[in-house]
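J.: give me coordinates for this.
(2 chains)
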Amino acid sequence: MTHRLHDHGRLVHADRPVEFTFNGKRMEGYEGDTLASALLANGQLLVGRSFKYHRPRGIVASGAEEPNALVNLGSGRRAEPNQRATTTEIFEGLEARSQNHWPSLEFDIGAINGRLSKFLPAGFYYKMFMWPRAFWKHVYEPVIRQSAGLGPAPAARDSDRYEHFNITVDVLVIGGGIAGITAATEAGGSGARVLMVEQTAHWGGRAPADRAEIDETPAADWIEDRIGALEDMDNVHLRLRTMGAGIYDHGYALAYERVTDHDPSDTAPRHRLWKIRARQIITATGAIERPLGFAGNDLPGVMLASAARDYVENYGVSPGDRMVIVTNNDDAYRTAIALYEAGVDVPVVLDARREALGELPAHVRGLGIRVETGHAVAKVKGSAKVEGVAICLQVGEGTVQEEIACDAVAMSGGWSPVVHLWSHAGGKLTWQADAAHFRPDPDAAPTGAGGEDFVAAAGSASGALDTAGALKDALAAARRAVSALGLKPSKDKPPAARAEDTDPMSPVWIMPEGAGHELRSKMWLDYQNDVKVTDVQLAAREGFESVEHTKRYTTLGMATDQGKLSNINGLAVLSDALHADIPSVGTTTFRPPYTPISMGAIAGEARGALFQPVRKTPMHDRHEAAGATWEPVGHWRRPYCYQRPGESIEDAVHRETVNARTNVGLLDASTLGKILVKGPDAGRFVDMMYTNMMSNLAVGKCRYGLMCSENGFLIDDGVVARLGDDTWLCHTTTGGADRIHGHMEEWLQTEWWDWKVYTANVTEQYAQIAVVGPKARDVLEALGGMDVSAEALPFMTWADGTLGVVQARVFRISFSGELSYEIAVPAGQGGAFWDALSSVGEAHGMMPYGTEALHILRAEKGFIMIGDETDGTVIPQDLGLNWAISKKKDDFLGKRGQERSHMTDPDRWKLVGLETLDGSVLPDGAYAVDRDLSRHANSAELKPGIEAGKNANGQIAMCGRVTSTYYSPNLKRGIAMGLVRGGPDRIGEVIEFARTDGTLIKTKIVDPVFYDKDGEKQNA
Amino acid sequence: MLILHCPNCGIDADETELAAGGEAHLKRFGPGSGDEEFEDYLFKRENPKGVHFERWRHAAGCGKWFHAARCTTTLEVFGTYSAQTTEPPKEICDKISGKRPGWAWRLFK
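T.: Modelled structure (predicted):
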């Protein structure tokens, strides 16, 4: 049983107890404990259930690579699933819950899957859940949803705060072990601006637990001394609990700081995302120990040898009473020594190598511990936890020689450098055969903007696994970085450590090497995703030979593992099955982040009101006071309608629509884009931008214009006013102002750069108000000032003048079909002008109206709306706008595109009006069913093998769709616009539109202008 | 995240300030052009593994367009230059030749 060791544990404070709960049970740990060490100290071996078979799982590792001990932390507004117990520091009142089991951790129904594992091989979901099709929705999906997945997503809103932080440095050192410290010391000494980040709460990495000695002092003292010296340097910043999450192009890096996870606070942010620009990056990210593949290697009680050592040395926790050690290298013997000295029984060290003659094995033998070379674990005994091991020879098929009782197993399959960060930005790897691992290839480093290397791996992250080698390697890496910055490297010798006399490790991928199917089907490669040796072998047999395909087929290394524990063992098994060598099989792609980072950290401050900027017109507060319901249009907020007490939204919209046709309405049109185009070549330029002729527009006149892309598709529309000989004012749609301004600038800067034209987006300089309705002129005349009579200011003209006391530019234009004036005044006077209009308008029954009334009014008139009638595939000719396409101009954007055969196809869907026979409102976006088989038979769509009335997929063919649909309160019936094949040629025909329930609505094709067809009202 | 030097305002701009504008040095074909020429102009784009010429806009900065010559595999930037030209400047071509002997991109070498 796991338990607390007294007088052990360099990181815990036995005099400061901390209480926490696990699955509601109160437990006690010490300050300095991780949740994992505290759970082990409380004898809690079982911490979770596996993803697929719901097997009982215990703690395997002591750091970020932990695959099993994922727990749900906190509750309510501080709930967070899938947190690693090994990287969670405990605090008073911490609540932790295990995941992925039902009804309880100890008794889990889902464990039946384990018994069925024979029937749940790799790719099971893909194979089994294909048929029958009807089962998918009602049987498979609910079952899979219930049994799959890790922790539940939190339901409450996050109460914590998160922030982003930007910093630029010369050298970023990722990893604060002895290699990182050595590199930071060298870089700091050169005068470079240095940032060193370390993901844990402690500097120094593994060296203290491994009892390294540096410069003839114990590693812990050397680390303290060096960190003290670094802290004294003004040009060096140090940050604990900060993980290098990713390295990106040109020296960009992200680091994830867990500011208050260990000490929840209502004032400080919980996480901080560091956005770093570094000229040079040193990845001193260490190495991760690999598990060994033997039957039953997933039982609670089986642990990495280094983790067992960490729990004893760092936290004073024993991983068991009697621990068997199984290894293929010398390093695991350190664990035997640490356990022995802590009083834990080590019955045997099983070493798969033929011989073990290094100084560590000699030391262990000297302690009287039994060492069996050439031996392996045949099988771990036990069902819910380790009860013993059966041992056998590594060569052979696993004939059991002896069974040894124990309650824990420490395993070591060798070490893999953490190459993730090196790989993120394109660094390549090289296979180091004698250590059986991939390490960064220094000749293929990620390159920066100048083609220079900008990442260097240091220490065990570059494959230098021993203390002396790591220190030397780190200093060399830092010197290269310092030289690359143009600074002077030191002449210091690397910190000194004694070179150990060690034997090389021997690659062991499965144990024993001749294990049959029975044993292989119990050898786990990926604990979290339940991938076994047999699954990878099956994937290879079924043709998933690419490592990326095998990963996706088996789920090896997916989820939080991301190639940490499972990677090399899985690759080795795959390459063996493919009879290929490991380097030729290669690795899967390492992608950031190194370990998961919180969504809160990614969002930072961008939440709630700060999520995105809101644009408000100068009359915003007037609308708010008048009870506006807001509609977001781009970043703008526009009133949708102005509800009165007792009214529904629909009532308000109808009232506003009718009032604009009978009395007078007031619309805030300030959001419409206003782009000034000016210069000697401005006329030539607007002729290229618009489909119609704009250069011949007289000063003082307005013209409706269409803009197309080079493809010929309609991208924007609006009224153009000629302000002077060399000046045009182009109105755009509300959402189009920035986009169209950018479009104009793109052509001016990159194609016609010799044309003398300036553009300016003056949208926000003006408040623009439309006064709309039969009494519009009366209102303006009541305000007093300039002559707005039909004679002085006819339809489609503009004039400058004064209205009331305000300087105004008045446009006689109409998007409603009513007598209408759009009045632009300086933005700062918009509010006062709105008030003035409202006050004189009252006597004329004037009411403000919102965007929905605007839409209904324009639809009653058959006016198109960009984004409703257009969707990026519609050309002006589809919308009956041929009158606005110049035939005189040699060229305009889109002209050539519109000449293509598909654009001139007579079968294109074209704009019509639609009236349901029963007067009801058509559903928006509804499609028309094609009953006209004779027409269809002639269509280019009909290809051999396609049944008439059906499309290529055998579905019912469609011949049109609804683009705008409203209830017209003026006509008291549903009206709609739509695109229909043959369009205007079919006026009078009745076609059918489908509702989502499959029923059909008989609809007559009509002219799209429903109201005042001759335009008498707008011309009044 | 790339850093490109904006030749218009002189700033070394982060990619978040920039908007990519696709391939540089397109020759416009308008009315009167053949279907094949127009198709090439509108749709056919280089997708090189190596030297590439691109258009960028310093969208969240000075708003101006410029051109960049860079390597799509190593992300090395050979240079940025004015968008108001039909071909890359000689010094940038020479620099590329020094680093990527034998390079070719559309009509340029």
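J.: kindly report the residues of chain B close to chain A.
T.: Within reach of chain A by C-beta under 8 Å from any C-beta of the partner chain, chain B has these residues: B:1-3, B:14-15, B:21, B:28-33, B:35, B:38, B:42, B:55, B:57, B:59, B:63-65, B:71, B:74-77, B:83-84, B:99. In this view, the C-beta of every residue, glycine as well, is placed from N, C-alpha and C.
J.: out of the residues you listed, which are buried?
T.: B:2-3, B:14-15, B:21, B:28-30, B:38, B:42, B:55, B:57, B:59, B:63-65, B:71, B:74-77, B:83 (16 or more other C-beta atoms under 10 Å in any protein chain shown).
J.: of those residues, which belong to helices?
T.: Taking DSSP state H, the ones among those that sit in helices are B:38, B:42.
J.: find the helix or strand that the residue in the stretch 751-900 of chain A positioned nearest to chain B is a member of.
T.: Nearest residue of the stretch 751-900 of chain A to chain B, counting by C-beta to the nearest C-beta: residue A:753, 4.1 Å away. Following DSSP states H and E, there is no helix or strand that holds residue A:753.
J.: show me the contacts for the spatially closest residue to it that is not a sequence neighbour.
T.: Counting by C-beta to C-beta, 6 or more residues apart in numbering or on different chains, residue B:84 is the residue found nearest to residue A:753 once chain neighbours are left out, at 4.1 Å. Neighbouring residues of residue B:84 by C-beta atoms under 8 Å, 6 or more residues apart in numbering or on different chains: A:749, A:750, A:753.
J.: could you measure from residue B:84 over to residue B:67?
T.: Distance of residue B:84 to residue B:67, computed by C-beta to C-beta, to the nearest Å: 9 Å.
J.: show me what the mean pLDDT comes to for stretch A:391-410.
T.: The average pLDDT within stretch A:391-410 is 96.
J.: contact residues of the stretch 451-600 of chain A facing chain B?
T.: Residues of the stretch 451-600 of chain A lying near chain B (C-beta under 8 Å from any C-beta): residue A:451.
J.: and the residue of the stretch 451-600 of chain A closest to chain B?
T.: Closest point on the stretch 451-600 of chain A to chain B, by C-beta to the nearest C-beta, is residue A:451, at 3.9 Å.
J.: out of the contacts of residue B:84, who's the most crowded?
T.: Tallying neighbours with other C-beta atoms under 10 Å in any protein chain shown puts residue A:750 at the head of those, with 23 neighbours.
J.: domain boundaries for chain A, per the record?
T.: Domains of chain A are assigned by automatic domain parsing as A:162-287+A:417-484, A:304-412, A:517-580, A:655-860, A:900-1018.
J.: ok, which of the ones you listed comes nearest residue A:46?
T.: Among the domains of chain A, domain A:304-412 comes nearest to residue A:46, with 7.1 Å by C-beta to C-beta.
J.: show me where the stretch 551-700 of chain A has helices.
T.: Here the stretch 551-700 of chain A has its helices, by DSSP state H, counting those that start in this stretch, at A:567-577, A:582-585, A:599-603, A:620-625, A:649-662, A:682-689.
J.: can you tell me the closest non-neighbouring residue to residue A:407?
T.: According to C-beta to C-beta, 6+ apart, the nearest residue to residue A:407 is residue A:320 (4.4 Å).
J.: how about residue A:445?
T.: That would be residue A:453: by C-beta to C-beta, 6+ apart, it lies 3.8 Å from residue A:445.
J.: hang on, that neighbour packs against residue A:447?
T.: Yes - contact criterion C-beta atoms under 8 Å: residue A:453 and residue A:447 qualify, at 6.1 Å.
J.: okay, those two: which has more neighbours?
T.: Ranked by neighbour count (other C-beta under 10 Å), residue A:453 and residue A:447 place residue A:447 first, with 21 against 18.
J.: which ones are touching residue A:490?
T.: Counting by C-beta under 8 Å, 6+ apart, residue A:490 has contacts A:186, A:189, A:190, A:479.
J.: measure it to residue A:556 for me?
T.: Relative to residue A:556, and taking C-beta to C-beta, residue A:490 is found at 44 Å.
J.: where does chain A have low pLDDT?
T.: Scanning chain A for pLDDT under 70 picks out A:102-103, A:109-149, A:932-948.
J.: and the strands in the stretch 251-400 of chain A, which stretches?
T.: A:252-258, A:271-283, A:287-289, A:302-304, A:317-318, A:323-327, A:349-351, A:371-373, A:375-381, A:388-393 (DSSP state E, counting those that start in this stretch).
J.: of the ones you listed, flag the one that's most buried.
T.: strand A:302-304 (a mean of 30; mean count of other C-beta atoms under 10 Å in any protein chain shown).
J.: with that, I have no additional questions.
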